[in-house]
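Undergrad: Task: produce atomic coordinates for the following.
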Amino acid sequence: MIKYTKHKLSNGLTVICHKDASTTMAAVNLIYKVGAKNEDTGKTGFAHLFEHLMFGGSENVPDFDLPLQLACGENNAFTNNDYTDYYMALPQDNIETAFWIESDRMNGLVINEHSLEVQRKVVIEEFNQRYLNQPYGDLWMLERELCYKVHPYRWATIGMSPDHIREANLEDVKLFYNKYYRPDNAMLSIASGLDPDKIFNFVEKWFSDIPAGKLIKESIPQEPEQHEARRCEVLRNVPATVIMISFHIAARTDREFYICDVISDVLSNGSSSRLYQNLVKKKNIFSSVNAYLTGEVDPGLFVFSGNLLPGIDPELAEHEFWNEIDMIKTEYVSDYELEKINNKFESGVVFGEVNVMNKAMNLGYYEMINNIDLINNEVDIHNSVTKEEIRDAAVRVFRKEKSNTLIYKGK
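TA: Have a look, this model is predicted:
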């Protein structure tokens, strides 16, 4: 059980504090509710660009690394389709250094032509290296385009094209910052050995003077129900052919999400799982195989993927995937399988809770999806999934007319 205390500043900043008396370290996690899904179709990649810009210095902290290193701390960040996360770890006695840095770049980030040009070049180079000039780099871009026709999940966090970042102007970037990087669009979560009241006093000191934004609740276009199977086949200079079959599933907080999560564990969690035993070990069709959920906040995807062994016909491999899918649709999962994956899930959660950074990140994440109690309830939800629910969800989700198949052929 992770105990926490919540507090909201008058400017809208949500603060969540967890006291862990066993540590002298502090984990400070700041989430902004802005990701790739909040971008305009003609200006994609801005959320990721801002992850870079936020390390470029602010009015009073021109170099974030130096004061943090002097405070014996470290930091990093990541961006996805739903949110952007900045996190720091440092001795709890130096926690005000983290608040000083985060508050200053929340309200005083230096954005000028020089800083924009520097980060623009970095992001374009990353786009080229990781997505355009690397084997399998465009695989997920193709799969997203195949699966989504309306929802902004149809493009990757890096954006649709490097041209969108290349053409980003200073006015657009400042508008993005002023719209989303506001206290009322942020969740600050802290795990440390300090008393919550002391933490809240520090947060009031460093963040309360920052004005709230004028964030208008956005209406993200939702993906319509799919009624026809979609396929895409490409030929690339890669060593092995990859098959991906994806299906739409419910949103992150829906019960169907948890049922599908259990299904993915039954199919591919470990070397004793069904897909590995049947398709890798026994039939020698794939060198590796997986089944997983993308885990987005809005309705995401259940993905089957596999790397074919040399000489295997993609048509045969696809057929074998569907045999496994049909099996989970027609036969009940065994009590042994269900118990095994429930034990794995629970132990993973328990071990994860030992780390103060994991606790800070999870508190912020669950608050971001408007259900912070899930941090203590997910194990129970996961363990409550029944064999009947698994079969019913498989029948509902894994339908051929709702499938999205990518055959990524190697030369």
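Undergrad: Model confidence score at K411, please.
TA: pLDDT for K411: 79.
Undergrad: Could you pull out the buried residues of stretch 257-264?
TA: 257-264 (16 or more other C-beta atoms under 10 Å). Any C-beta I mention is one placed from the backbone N, CA and C, and that applies to glycine too.
Undergrad: residues in contact with it?
TA: Residues outside stretch 257-264 that contact it (C-beta atoms under 8 Å, 6 or more residues apart in numbering) are 249-251, 291-293, 302, 328, 338, 341, 378, 381-382, 385, 389-390, 393-394, 397.
Undergrad: Looking at those, which are in strands?
TA: 291-293, 302 (DSSP state E).
Undergrad: Grab the two from those residues that are most spread out in space.
TA: The span of the ones in strands among the contacts of stretch 257-264, defined through C-beta to C-beta, is set by A291 and L293 at 8.7 Å.
Undergrad: Could you check which of these two has the larger neighbour count?
TA: A291 (25 against 17; other C-beta atoms under 10 Å).
Undergrad: Is it correct that the more buried one is in contact with L267?
TA: Yes: checked against C-beta atoms under 8 Å, the pair A291 and L267 is within contact range at 4.1 Å.
Undergrad: Tell me the residues that contact both of these two, please.
TA: Both A291 and L267 are contacted by 275, 304, under the criterion C-beta under 8 Å, 6+ apart.
Undergrad: Now list whatever residues contact both of A291 and L293.
TA: By C-beta under 8 Å, 6+ apart, A291 and L293 have these common neighbours: 264, 302-303.
Undergrad: what helix or strand does C72 sit in?
TA: For C72, there is no enclosing helix or strand under DSSP states H and E.
Undergrad: which residues does the closest residue to V234 other than its chain neighbours contact?
TA: Spatial nearest neighbour of V234, excluding adjacent residues (C-beta to C-beta, 6 or more residues apart in numbering): Y408 at 5.9 Å. Y408 sits next to 136, 139, 142, 234, 236, 238, 241-244 when contact means C-beta under 8 Å, 6+ apart.
Undergrad: Could you identify the buried members of the residues you listed?
TA: Among the contacts of Y408, those classed as buried by 16+ other C-beta under 10 Å are 139, 236, 238, 241-244.
Undergrad: ok, and the residue lying farthest from the centre of the chain, which helix or strand is that part of?
TA: Checked against the mean C-alpha position of the chain, the extreme residue using C-alpha atoms, centre = their mean is G311, at a distance of 35.0 Å. Following DSSP H and E, there is no helix or strand that holds G311.
Undergrad: That one and L188, how far apart?
TA: To L188, G311 is 54 Å away according to C-beta to C-beta, to the nearest Å.
Undergrad: Closest to the centroid, which residue in this protein?
TA: N80 (5.1 Å).
Undergrad: burial measure for the nearest residue to E113 once chain neighbours are set aside, as a count.
TA: Of all residues not flanking E113 in the chain, L170 sits nearest, at 6.0 Å (C-beta to C-beta, 6+ apart). Neighbour count of L170, defined by other C-beta under 10 Å: 13.
Undergrad: any idea how far L170 is from S161?
TA: L170 is 20 Å from S161, by C-beta to C-beta.
Undergrad: Looking at S219 now. What's its pLDDT?
TA: 88.
Undergrad: Can you show me the strands along this structure?
TA: Going by DSSP E, the chain shows strands at 5-8, 14-19, 25-32, 74-79, 84-91, 186-192, 230-236, 242-248, 286-293, 301-308, 404-410.
Undergrad: Just put the ones you listed in TSV and tack on distance to E320.
TA: Output for those, formatted as TSV (distance: least, C-beta to C-beta, whole Å):
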stretch	distance to E320
strand 5-8	49
strand 14-19	46
strand 25-32	41
strand 74-79	35
strand 84-91	38
strand 186-192	44
strand 230-236	17
strand 242-248	10
strand 286-293	8
strand 301-308	9
strand 404-410	13
